[in-house]
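> My questions are about this predicted structure, shown below with the sequence.
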Amino acid sequence: MTSGEQTAEPFATEAWRTAIEHAAGCLTCRTPGAVCSEGERLVRAHEEATRKARSGGVG
């Protein structure tokens, strides 16, 4: 594991936790077929943080 991954991984973990916590309390996120713009934004933030962690970049 590179130092970039060690630094960036907490951002990905926190982004995932935030997305899951939102989805757990959001009726729209829990409704099949519904679209929640906040939930989508949080998932995209997690995906971006994960990409950065895997590539070794932080910012």
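That came through, no problem.
> where does this protein have its least confident helix or strand?
Within the chain, no helix or strand scores below helix 3-25, which has a mean of 80 by mean pLDDT, DSSP states H and E.
> So for the very next helix or strand once past it, mean pLDDT?
Following helix 3-25 in sequence order, the next helix or strand is helix 27-30 (DSSP states H and E). Mean pLDDT, helix 27-30: 96.
> Can you spell out which helices and strands pack onto helix 27-30?
helix 3-25 (3 or more C-beta pairs under 8 Å, 6 or more residues apart in numbering; DSSP states H and E). All C-beta atoms are positioned from the backbone trio N, CA, C, and that covers glycine.
> okay, the helix it packs on in CSV with CA atoms only?
Taking Å, rounded to 0.1, in the frame of the first residue of the first chain, the C-alpha atoms of helix 3-25 are listed here in CSV:
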residue,chain,number,x,y,z
SER,A,3,1.3,6.4,1.3
GLY,A,4,-1.2,8.0,-1.0
GLU,A,5,-3.6,5.1,-0.4
GLN,A,6,-3.1,5.3,3.3
THR,A,7,-3.9,9.0,3.2
ALA,A,8,-6.8,8.8,0.7
GLU,A,9,-8.5,5.6,2.0
PRO,A,10,-10.1,7.3,5.0
PHE,A,11,-11.8,9.8,2.6
ALA,A,12,-13.3,6.9,0.6
THR,A,13,-14.4,5.2,3.9
GLU,A,14,-15.9,8.4,5.2
ALA,A,15,-17.7,9.1,1.9
TRP,A,16,-19.1,5.5,1.9
ARG,A,17,-20.3,5.9,5.5
THR,A,18,-22.0,9.2,4.7
ALA,A,19,-23.8,7.7,1.7
ILE,A,20,-25.0,4.7,3.7
GLU,A,21,-26.2,6.8,6.6
HIS,A,22,-28.1,9.0,4.2
ALA,A,23,-29.7,6.1,2.4
ALA,A,24,-30.7,4.5,5.7
GLY,A,25,-32.7,7.5,6.7
